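A.B. asks: this is a predicted model, with the sequence first.
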There are 2 protein chains.
Amino acid sequence: MDCEVLAIGSELLMGQVVDTNSSWIGERLAAAGIACFYQAKVGDNHARMVAALRVALDRADAVICCGGLGPTQDDITREAIAEVMGVPLVRDPEIVVGLKERFRGRDVPDTNYKQADVPVGALTIKPVIGSAPGLICPVKGPGGDKVVYAVPGVPAEMREMVDGAVVPDLVERAGEVATIRSRFLRVWGVPESRVAQIAGPRLEALEGSPTTIAFLASATEGVRVRVTTRATGSSAGADAERALDVEEAGLRALLGEAVGGVDTEGLELVVGRLLVRAGLRLAVAESLTGGMVGARLTSVPGASDWFAGDVVAYGSDVKRGLLGVGPGPVVSERAAREMALGVAGLLGADLGLSLTGVAGPAAQDDQPPGTVFVGLAGLPDDAVAGSPGARVARLALRGQRPTVREVATTSALDLLRRALLALPAQPGQ
Amino acid sequence: MDCEVLAIGSELLMGQVVDTNSSWIGERLAAAGIACFYQAKVGDNHARMVAALRVALDRADAVICCGGLGPTQDDITREAIAEVMGVPLVRDPEIVVGLKERFRGRDVPDTNYKQADVPVGALTIKPVIGSAPGLICPVKGPGGDKVVYAVPGVPAEMREMVDGAVVPDLVERAGEVATIRSRFLRVWGVPESRVAQIAGPRLEALEGSPTTIAFLASATEGVRVRVTTRATGSSAGADAERALDVEEAGLRALLGEAVGGVDTEGLELVVGRLLVRAGLRLAVAESLTGGMVGARLTSVPGASDWFAGDVVAYGSDVKRGLLGVGPGPVVSERAAREMALGVAGLLGADLGLSLTGVAGPAAQDDQPPGTVFVGLAGLPDDAVAGSPGARVARLALRGQRPTVREVATTSALDLLRRALLALPAQPGQ
């Protein structure tokens, strides 16, 4: 069983909205063991939508259409699917009732009623969050019995229907229990081609097996080594995990300490775990990143166990008045040191992490954009005569303002990770 | 002239990486007046890549392949294009020299040399940032002379080649000066179907014209009304802008104050402009959003003119010790009021914006996840006996932890925007 995804909307083609729905659906299909070989985007144009649906149905057993089910004039997915099925649309009285209930006494805008139109022969998927029902549309053709699903383009409404109705329907049609699982090893500080060379022996060993290895490089998140495997049968999940365990062990043996974590474990999660292990609480002072370090750390549920807080000292007066930064330039090694020490003291934390620098576009304190100082205060090794000391790293980052801010955030978290790795675990952790 | 985009990589189909490259390329094509009717994704599989290229070349004049040019074993775009062209690959000695220079004396990993392989008859695009050259590949077929471009999947490397070589080559082939331009009106606080109903008369008036209107709804960013137009000839840019001006005026006449801004003007930009207009400086205190409000505000270049700083008071001790929150629950109207007043005083700002709430997954202070209090201190109307006062809004948000944090951030910025709209402009602003 294979299933394609067709994302609908001219805004996707013109780059005004990034299509994240197809990615999410692709992940769900893989988890359910449904192959997905192609995904496509098409605009709000009837003829091209019909053509794209036909191309997909030629190749695949099933197609999920995402978007174009809304109440407005440019929402024409229902019409396109009806044409491919060769049937007319009829207004479903039950959906009309649901729409009226949804508007609770207020007038239902006329355009909303089109959401009650359903191709003859299609089943509907009742919406919980939104107003647009989904569709399950059988298509008979020379290639045999196939199926087209339609789900809304609003992510929360789409997710609810894909998980609740589409994937279960696909799995039932597939009639085989299968899973496709991936695991990522996250590698820091080694270029992609070098990682590929080191991992080469594993790739060769896997020739002809259902397990594959691939490499994904990113400017802000290092290199990720992806291991993917497929298993079938009643113990598919356990079999797949076992294959991934074996491959992870093989790759770790080759890559050693360069491996920082697995899967979607971001640096914030790894840092949080290391802080718990060391029994330390962190405070952050940031300038050019304006809260991005704090936002990443607090994306981890339970962060309050190891994160005290963050002072975004954007104005120089705040750096000096609140954090005790002395005279002289605020983009400097000294200011980073004072910010790290200052914020740890101010918030009563064991460690202070600081960032000061130039995001751009203009230079500041005679430093070019991309200059960043990262300070870390409170590590036992840095103590001077019993008082906390601090260390500072200087970064020279390339790129525009958003990239500089993002890479500075990641680099600061990685510096913290490396420092924490060297600390002993607290008793009981 | 129309051009499709083919994004290459199994990670895109499995949802492990979101394909943002196609969106970006789509935007550039539109700006150059090159139509893009379809975009697709295919995995790292030779046969399917060849098939996808053939489908695209059947429909379009040109195809941009994005990804699969790296040095690793799963990078096979060069081979797939050579097959579609019906030619072999040859190693380009000039690229080999470039690779050696790039590695400056260090050994070039063997796998990197495949990046010097070029289909016979193709031109190469020299890389500046990365190591992978791009390709311009003429394809002769029954449909006439067509062209396939190949650019790397790493976004910065891709952008450099699309702007520097691919779009100029397409424009030259098109032989016509054209542009496709869009403008967005951003609407807050009105549901999509109601916006579509209000704007209905404009849609009808545009039937048969090169200008179109569409509606894009998002849980976190309100409704965006997109106006798109296409113009050709030597004054294409000016003609398109004029058509957009006319349509913007027509829509504003219908939608009135619901329009908050145009184009990609995020709330942070609008808020910054309103703060400058009112001559006020803002401080923020956030808890559940952990720095997200600060990060958005400081994404605006020059934010230091109107943004003092941000205290992320994640631990309750920080809320009480630093911001002066009194006894009682920290997720409460009273705590939000005290945080807003406290941070404005602490950072010497005119206004204080605060957020305290429950991001989830667990409840806190007997409040369910999604409960958020937003405080705003320092508005002239709220002053009591000459001292700054504060107002607090209570939100009940739906969704998981990341959604609650994101919607809370947007809602707080919108509350601030509405409050600032009511203030008079400072003299000279």
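C.D. replies: Arrived safely, thanks for sending. Numbers count the residues shown, from 1 in each chain, chains lettered A, B, ... in the order given.

A.B. asks: and A:G389, how far from chain B?
C.D. replies: Plainly put, A:G389 is 23 Å away from chain B if you go by C-beta to the nearest C-beta, to the nearest Å. All C-beta spots, glycine's among them, are computed from the backbone N, C-alpha and C.

A.B. asks: tally of neighbours for that residue?
C.D. replies: Here the neighbour count serves as a burial measure; for A:G389 (other C-beta atoms under 10 Å in any protein chain shown) it reads 17.

A.B. asks: got a list of what the residue nearest to it when sequence neighbours are not counted touches?
C.D. replies: Counting by C-beta to C-beta, 6 or more residues apart in numbering or on different chains, A:G389 lies nearest to A:D382, which is 3.6 Å off, once chain neighbours are set aside. Taking C-beta atoms under 8 Å, 6 or more residues apart in numbering or on different chains, we find A:D382 in contact with A:P388, A:G389, A:A390, A:R391.

A.B. asks: again with A:A205
C.D. replies: Contacts for A:A205 were tallied using C-beta under 8 Å, 6+ apart; they are A:G250.

A.B. asks: tell me the bridge partners for the closest residue to A:G33 other than its chain neighbours.
C.D. replies: Once flanking residues are discounted, A:G33 sits nearest to A:A178: 2.8 Å by C-beta to C-beta, 6+ apart. Beta-bridge partners for A:A178, by DSSP bridges, are A:T232.

A.B. asks: report pLDDT for A:A178.
C.D. replies: Among the per-residue scores, A:A178 shows a pLDDT of 80.

A.B. asks: is it in contact with A:A231, as I believe?
C.D. replies: Yes. Under the contact definition of C-beta atoms under 8 Å, A:A178 touches A:A231, with a separation of 7.0 Å.

A.B. asks: more crowded one of these two?
C.D. replies: The residue with more neighbours, out of A:A178 and A:A231 and counting by other C-beta under 10 Å, is A:A231; that gives 22 against 18.

A.B. asks: could I get the contacting residues of the nearest residue to A:G272 once chain neighbours are set aside?
C.D. replies: Here the nearest residue to A:G272 in space, its sequence neighbours aside, is A:V300; by C-beta to C-beta, 6+ apart that works out to 5.0 Å. Taking C-beta under 8 Å, 6+ apart as the contact definition, A:V300 lies against A:E268, A:L269, A:G272.

A.B. asks: which SS class is A:V300?
C.D. replies: A:V300 falls in the coil class when you classify it by DSSP: H, G, I helix; E, B strand; the rest coil.

A.B. asks: next: A:V330.
C.D. replies: coil.

A.B. asks: that one contacts A:K319, correct?
C.D. replies: Yes. With the criterion set as C-beta under 8 Å, A:V330 and A:K319 qualify as a contacting pair; they are 5.3 Å apart.

A.B. asks: which neighbours do the two have in common?
C.D. replies: Common contact partners of A:V330 and A:K319 (C-beta under 8 Å, 6+ apart): A:S287, A:T356.

A.B. asks: hey, where'd the helices end up in chain A?
C.D. replies: Per DSSP state H, chain A carries helices over the ranges A:10-13, A:21-31, A:46-59, A:77-85, A:93-102, A:155-161, A:167-174, A:192-205, A:236-255, A:267-278, A:292-297, A:316-323, A:333-347, A:401-421.

A.B. asks: reformat those as JSON lines; add mean pLDDT.
C.D. replies: Conversion of the helices of chain A to JSON lines gives the following (pLDDT from 0 to 100):
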{"stretch": "helix A:10-13", "mean pLDDT": "93"}
{"stretch": "helix A:21-31", "mean pLDDT": "92"}
{"stretch": "helix A:46-59", "mean pLDDT": "96"}
{"stretch": "helix A:77-85", "mean pLDDT": "96"}
{"stretch": "helix A:93-102", "mean pLDDT": "86"}
{"stretch": "helix A:155-161", "mean pLDDT": "91"}
{"stretch": "helix A:167-174", "mean pLDDT": "90"}
{"stretch": "helix A:192-205", "mean pLDDT": "89"}
{"stretch": "helix A:236-255", "mean pLDDT": "93"}
{"stretch": "helix A:267-278", "mean pLDDT": "92"}
{"stretch": "helix A:292-297", "mean pLDDT": "96"}
{"stretch": "helix A:316-323", "mean pLDDT": "92"}
{"stretch": "helix A:333-347", "mean pLDDT": "97"}
{"stretch": "helix A:401-421", "mean pLDDT": "89"}
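
A.B. asks: and those, which is most packed in?
C.D. replies: When neighbours are counted by mean count of other C-beta atoms under 10 Å in any protein chain shown, the highest per-stretch mean among these falls to helix A:292-297, a mean of 28.

A.B. asks: now do that one: distance to the chain's middle.
C.D. replies: Between the centre of helix A:292-297 and the centre of its host chain there is 15 Å, according to C-alpha atoms, centre = their mean, to the nearest Å.

A.B. asks: again with stretch A:417-429
C.D. replies: The gap between where stretch A:417-429 is centred and where its chain is centred comes out at 28 Å by C-alpha atoms, centre = their mean.

A.B. asks: so which of the contacts of A:V300 comes closest to chain B?
C.D. replies: Each of those was checked against chain B using C-beta to the nearest C-beta; the closest is A:E268, at 10.3 Å.

A.B. asks: please name the nearest non-neighbouring residue to that closest one.
C.D. replies: Closest to A:E268 by C-beta to C-beta, 6+ apart is A:R296, at 4.6 Å.

A.B. asks: go ahead and confirm that neighbour touches A:A412.
C.D. replies: No. The pair A:R296 and A:A412 does not pass the contact test of C-beta under 8 Å, sitting 9.8 Å apart.

A.B. asks: the contacts of A:V300 into a markdown table, with extra columns for distance to A:R418?
C.D. replies: As requested, these are exported to a markdown table (distance: C-beta to C-beta, whole Å):
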| residue | distance to A:R418 |
| --- | --- |
| A:E268 | 15 |
| A:L269 | 16 |
| A:G272 | 15 |
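
A.B. asks: and the residue nearest to A:A236 when sequence neighbours are not counted, how far from A:G309?
C.D. replies: Once flanking residues are discounted, A:A236 sits nearest to A:T179: 4.6 Å by C-beta to C-beta, 6+ apart. Noted for A:T179: a distance of 42 Å to A:G309, by C-beta to C-beta, to the nearest Å.
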